[in-house]
Structure formats: C-alpha cells, structure tokens
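Colleague: with the input below, show me the fold.
(one chain, ligands or ions: 2)
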Amino acid sequence: MTGAGALVLGIETSCDDTAAAVVGAGGEVLSSVVSSQGNLHARYGGVVPELAGRAHLELLTPIIADALGRAGLAGGRGLRAVAATTGPGLIGSLLVGVSEAKALSLAWEVPFVGVNHLEGHLFAALLDHPEIEWPVAVLLVSGGHTLLVSMEGPGRYRLLGQTLDDAAGEAFDKVARFLGLGYPGGPAIEAAAAGGDPEAFTFPRALAGEGLDFSFSGLKTAVVHAVRRRPDASDQDVAASFQRAVVEVLVAKTMSAALSLGARGVCLAGGVSANGALRDAFTRSAGGLGLPAYLPSRAMCTDNAAMIAAAGHWQLEHVGPTGLDAGADPNLRLPLLA
Ligand code: KG4
Ligand code: ZN
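Modeller: Numbering: from 1, shown residues only. Ligands and ions are numbered 1, 2, ... in the order given. Presented below is the predicted three-dimensional model:
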C-alpha cells in the first residue's frame, strides 16, 4: 500500500458540490467522494450561495472522514499535504473548504496547498492519461467558464480563446430552465436530446469560423424565440438541436486551435465534457485529424476533489506549499505564461 507520506487529501467546495479525495503521487485515486447539493438547489432552478455555504459546513467534515476511510487511512497525520480550492467560485463556499484545509494542515502538521479550480480541471484528464504528449489544445467547459487553452505541460498555459458572454454550461442550465427540464441543466438536456432530432431546428453557430472566442447568449435567445414561434415543438427536438449547435462550435474551434498550434493532441475538461454528444463529436473530429483525444472519465469531468489533489501534488513539487495567510479569491484566474 502507498505510504501516507505520498498521499494528498484534496478538498473541493467552490460551488455546489462538496468533495474530498485521496490521491497518490503517481495520480492513483485511492478515494473520491462527491456529495452533490443538486436536490437542495433544484427547486430554485440554480445555486443559492447562502444555502451552498451552509450545506458545505454540514457535509465537509463527514465527507473528509469518508474519503480518508475509503483510502484506508485512520486520520490525516503523516499525509504529504492537504490541498483545497481557493478560487474561482462562491466566496462563502470556498471559505468553508479553505478554512477546513488550513485547520487540518495545522492539526496534522502537514503543508497546505491552495489550488486554482480551473487548473484542477486541467489536471483531470492527466489522471486518466499520464501518457499525454505536449502541447495539447484543451477545451475547458464548465458552468462558469469556457476557455480554449494551449497547455504546454502542467503549469504552462496560454489562453487561445474564451466566451464573450455565457459559459457553455451556463447555456445548458439556462435552456434547461426555460424548457422546465430541471437543474442542473446539462444532464437534463442530454437526456431529453437523446430522444430528439438534432436537425429539427437550425440554431445559430455564433462566431463560427471567426477566431477562437465563443458566444452563447444569442443561442439561448434563439431557443426562446423558436419555442415561442412553435409552442407545440417537442422539448426533445429543441434540446437535441440546441446541443448540436453548442457541440459543433466547441469541437470546430478546438480542432482549428489544435491545427494552428501544431498540437499533439486535444483534451477536454470541465462539467460539460461529461456530455456524451460532445465526447463523441470531439473524439471523431480528432480522429479525423489523426490527433489523440484525451478525455477525463465522466466522474472527473464535473467538480471533484481528486483533480484538486492531483494539482496539489504537482504544485507542492514545483511551486511549494501555500502560506496559511493566503485567502480565497472568488475571481481567481488561470495563471498564464507571459
Ligand atoms: O465543472 P462543473 O461541475 O462546475 C463548474 O466548475 O462550473 O460544471 C458544471 C456545469 C453545469 O453547467 C452543468 O449543467 C454542466 O457542467 N454539465 C453538463 C453535463 N453534466 C454537467 N453539460 C452538458 N451535458 C452534461 N452531461
Ligand atoms: Zn468546476
């Protein structure tokens, strides 16, 4: 068994998932526990920050105990480090994880490592694909962010494009809410789309062929207008056509970025990359270009603490521990190469 000194406990509380995980230095996930607050927020149609913070407070300690137990550890003394997400995210939620991580680091006398949530997502694919060759074009699509990044290796990122308005996940959530499909919207749209015709509606592909930035707010408005014009249209057809429009733009821009970079592969990250239609189209397009597609397992796409622990290992090795005076930053950005 891996000695505790090679293990990092990761903690993730940036939004509405409370998560803890124990990961080895070689990326072995010994445990990864995620408690989604989806039910708590569903009746409001979105995340209510005050409720999220309070739920993290209640859930985090037992979830950490569960993650340690599943990894075969009785406690955390002797771990390599405790890593927690310091941003971006909801401040009240971030503070719960950061405070707990610092307290545990003091109690167990092990280093604290503050991890950028976006960087954590970029480490998710590495957990399943340690063989990645650099550089890769990474499409990071979550509820709060849509970024196209050239990743030259861990810690080496160049921004190629980003959304000018809504994030891709946000578009899924808003359209699902409009159609009354529930929260979180991504899985609900995917389920509805499975029974629909993706060509029933021709929704706009914003900024298609125009650089590497994205725009999704017009698409959401187009869906609203289409449904008002054809109130008898099936939700399945609307969902499938909407999903097709999002996926096409995401895939086309990532492949075009990969070609212009001379990338050695393409990689997906973030909650929206759990979407089956996106995964299929991404893999197919990359295959057509002769490029390997690196996809995180579905569980590693949405928020989890294993990706935070993995980023924590790397950071401890290459940057060092984080001071206990460091705070949480709701607007933290991905650190980019100059
Ligand atoms: O990465 P994530 O768990 O949290 C953030 O950092 O935002 O991403 C959550 C987002 C939500 O917008 C959710 O609707 C979307 O990812 N999502 C999906 C799917 N699963 C989650 N979008 C499309 N299809 C899915 N299967
Ligand atoms: Zn996330």
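
Colleague: what sits against residue 249?
Modeller: Contacts for residue 249 (C-beta atoms under 8 Å, 6 or more residues apart in numbering) come out as 205, 206, 207, 208, 214. To be clear about C-beta, it is placed using only N, CA and C from the backbone, and glycine gets the same treatment.

Colleague: for it, helix, strand, or coil?
Modeller: Put simply, residue 249 is helix when judged by DSSP: H, G, I helix; E, B strand; the rest coil.

Colleague: follow-up on the earlier one: a markdown table for the contacts of residue 249, including pLDDT?
Modeller: A markdown table is the format used below for these (pLDDT from 0 to 100):
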| residue | pLDDT |
| --- | --- |
| 205 | 96 |
| 206 | 94 |
| 207 | 95 |
| 208 | 92 |
| 214 | 98 |
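
Colleague: of the residues you listed, buried ones?
Modeller: Among the contacts of residue 249, those buried by neighbour count (16 or more other C-beta atoms under 10 Å) are 206, 207, 214.

Colleague: list the residues that contact residue 127.
Modeller: Residue 127 neighbours (C-beta under 8 Å, 6+ apart): 23, 27, 29, 296, 297, 300, 306, 307, 310.

Colleague: tell me how far the spatially closest residue to the second one that is not a sequence neighbour lies from residue 137.
Modeller: On the basis of C-beta to C-beta, 6 or more residues apart in numbering, the spatially nearest residue to residue 27 that is not a chain neighbour turns out to be residue 127, at 5.0 Å. As for residue 127, its distance to residue 137 is 19 Å (criterion: C-beta to C-beta, to the nearest Å).

Colleague: what of residue 55?
Modeller: Counting by C-beta to C-beta, the gap from residue 55 to residue 137 is 36 Å.

Colleague: with neighbour numbers in mind, choose between the two.
Modeller: residue 137 (28 against 20; other C-beta atoms under 10 Å).

Colleague: did I read that right, that one in a strand?
Modeller: Yes. When three-state DSSP is applied, residue 137 is found to be in a strand.

Colleague: and it, bridged to which residues?
Modeller: Bridge pairing for residue 137 (DSSP bridges) gives the partners residue 150, residue 266.

Colleague: nearest to ligand 2, of the contacts of residue 249?
Modeller: Nearest to ligand 2 among these is residue 214, at 17.1 Å by C-beta to the ion.

Colleague: identify the residues contacting that closest one.
Modeller: Contacts for residue 214 (C-beta under 8 Å, 6+ apart) come out as 146, 148, 161, 162, 163, 164, 168, 206, 207, 249, 250, 253.

Colleague: over to residue 168?
Modeller: Residues near residue 168 by C-beta under 8 Å, 6+ apart: 141, 142, 146, 214, 216, 246, 250, 272.

Colleague: so which of those belong to strands?
Modeller: Using DSSP state E, the subset of the contacts of residue 168 located in strands is 141, 146.

Colleague: need the contacts of residue 168 in JSON lines with distance to ligand 2, can you?
Modeller: Putting the contacts of residue 168 into JSON lines (distance: C-beta to the ion, whole Å) gives the following:
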{"residue": "141", "distance to ligand 2": "10"}
{"residue": "142", "distance to ligand 2": "4"}
{"residue": "146", "distance to ligand 2": "12"}
{"residue": "214", "distance to ligand 2": "17"}
{"residue": "216", "distance to ligand 2": "17"}
{"residue": "246", "distance to ligand 2": "17"}
{"residue": "250", "distance to ligand 2": "16"}
{"residue": "272", "distance to ligand 2": "10"}
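
Colleague: out of the contacts of residue 168, who's nearest residue 315?
Modeller: The shortest approach to residue 315 among those belongs to residue 142, at 20.0 Å (C-beta to C-beta).

Colleague: ok, the closest one to ligand 1 distance?
Modeller: From residue 142 across to ligand 1, the span is 3 Å (C-beta to the nearest ligand atom, to the nearest Å).

Colleague: residues near the closest residue to that residue other than its chain neighbours, how many?
Modeller: Sequence neighbours aside, residue 270 is the residue nearest to residue 142 in space, at 3.6 Å (criterion: C-beta to C-beta, 6+ apart). The number of residues packed around residue 270, counting by other C-beta under 10 Å, is 28.
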